[in-house]
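> My questions concern the predicted model and sequence given below.
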Amino acid sequence: MGEHDKYSTYALIDPSCEATVDEYESGCLDRRCSMELNKHDKVCFHGSQMRPGSLCSVNECRARCASHARFPCVAYSFEAASGECYVFDVCFGEGFQLGYNTYVLIDPTCENSVELGGCPGRLCSQQANEWLLLCSGTDLAHAPCTLAECAAKVREQATVAAVQPSHFAFDSVVLKLSQTHLVTIYESLYTDLKRVNNSELAPMVECVQKKSREGTAKV
């Protein structure tokens, strides 16, 4: 055991808010993104600034963040007592602000396992991270694989890689397209071979015919 292995470290407060309103109704309680460090707009008002339809519910606050035109909104802070809502382009310098609950439009980090369905429609940045292609339906240097096979390959990498993988991405659409493409190749090849009257090719014809029927052949 190393010098520090006997220690466990804890955070008094999560240093960054990654709560969506769907996951956490109260968001990040009594916190607000910095007004000084981030672009922001106040999109719902109260008091002397009140005008018809100007107050928000938390869901209306989220909707205004999602449709905000002046800048892409990634986070919003909502004060239930007043109906005020601020939207932010990023959420640097987030800190204590009594009465405000802060939310992100989309959780910036994917923490869902295969069993939880992953994070649909999202892919880790290939520019900001080291990555490795393990399966492909379009790159002939790699065979396509299923989700389970992809997960197994990642676990294998974890035993040999210098940098331990933390996430993997899988495209089921490309898998289906690759299988369709392979079936087409086999069917075309089978048709061509049938035109050749050569008994020596009979085993190849039988193999290609079998692969064509299976529809999931791998190159």
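Good, I have the coordinates.

> got a list of what the spatially closest residue to residue 35 that is not a sequence neighbour touches?
For residue 35, ignoring the flanking residues on the chain, the nearest one in space by CB to CB, 6 or more residues apart in numbering is residue 86 at 7.9 Å. C-beta coordinates here come from the backbone N, C-alpha and C atoms, glycine included. Contacts for residue 86 were tallied using CB atoms under 8 Å, 6 or more residues apart in numbering; they are 32-33, 35, 40-43, 76-77.

> beta partners of residue 86?
Per DSSP bridges, the residues bridged to residue 86 are residue 42, residue 77.

> Take the contacts of residue 86 and, keeping just the buried ones, write it as a ChimeraX select command.
The ChimeraX selection below is limited to those of the contacts of residue 86 classed as buried (16 or more other CB atoms under 10 Å):
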select :32,33,40,41,43,76,77
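
> Kindly indicate which of the contacts of residue 86 lies nearest residue 93.
Checking these against residue 93 by CB to CB gives residue 33 as the nearest, at 7.0 Å.

> how far away is the residue nearest to residue 35 from residue 24?
Applying CB to CB, to the nearest Å, the value for residue 86 to residue 24 is 18 Å.

> tell me the mean pLDDT over the helix or strand hosting residue 151?
According to DSSP states H and E, residue 151 maps onto helix 147-160. The pLDDT scores in helix 147-160 average 80.

> Other residues contacting that helix?
So helix 147-160 is in contact with 114, 132, 134-135, 145, 164-165, 168, 170, 172, going by CB under 8 Å, 6+ apart.

> hang on, isn't residue 78 packed against residue 87?
No: if you go by CB atoms under 8 Å, residue 78 and residue 87 don't touch, sitting 9.9 Å apart.

> okay, and the common contacts of these two?
Residues touching both residue 78 and residue 87 (CB under 8 Å, 6+ apart) are residue 61.

> By average pLDDT, which secondary structure element in this structure comes out worst?
Lowest by mean pLDDT, DSSP states H and E among the helices and strands of the chain is helix 172-194, with a mean of 50.

> which residues of this structure fall in helices?
Counting by DSSP state H, one finds helices in the chain at the ranges 58-66, 147-160, 172-194, 202-214.

> how close does residue 153 sit to residue 168?
8 Å.

> and if you look at residue 96?
From residue 96 to residue 168 the distance is 37 Å (CB to CB).

> Have a look at those two and say which one is more surrounded.
Using other CB atoms under 10 Å, the more surrounded residue of residue 96 and residue 168 is residue 168, with 19 against 10.

> pLDDT at that one, what is it?
Reported pLDDT for residue 168: 78.

> so who does it touch?
Taking CB under 8 Å, 6+ apart, we find residue 168 in contact with 134, 150-151, 154.

> For ChimeraX, write the selection for the buried entries among those residues.
Buried residues among these (16+ other CB under 10 Å), as a ChimeraX selection:
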select :134,150,154
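
> What is the longest strand seen in the chain packed up against?
Using DSSP state E, we find that the single longest strand of the chain is strand 95-104. If you count contacts as 3 or more CB pairs under 8 Å, 6 or more residues apart in numbering; DSSP states H and E, strand 95-104 packs onto strand 28-32, helix 58-66, strand 75-79.

> Go through those and pick out the most buried.
Sort the helices and strands packed on strand 95-104 by mean neighbour count, taking mean count of other CB atoms under 10 Å, and strand 75-79 sits at the top with a mean of 27.
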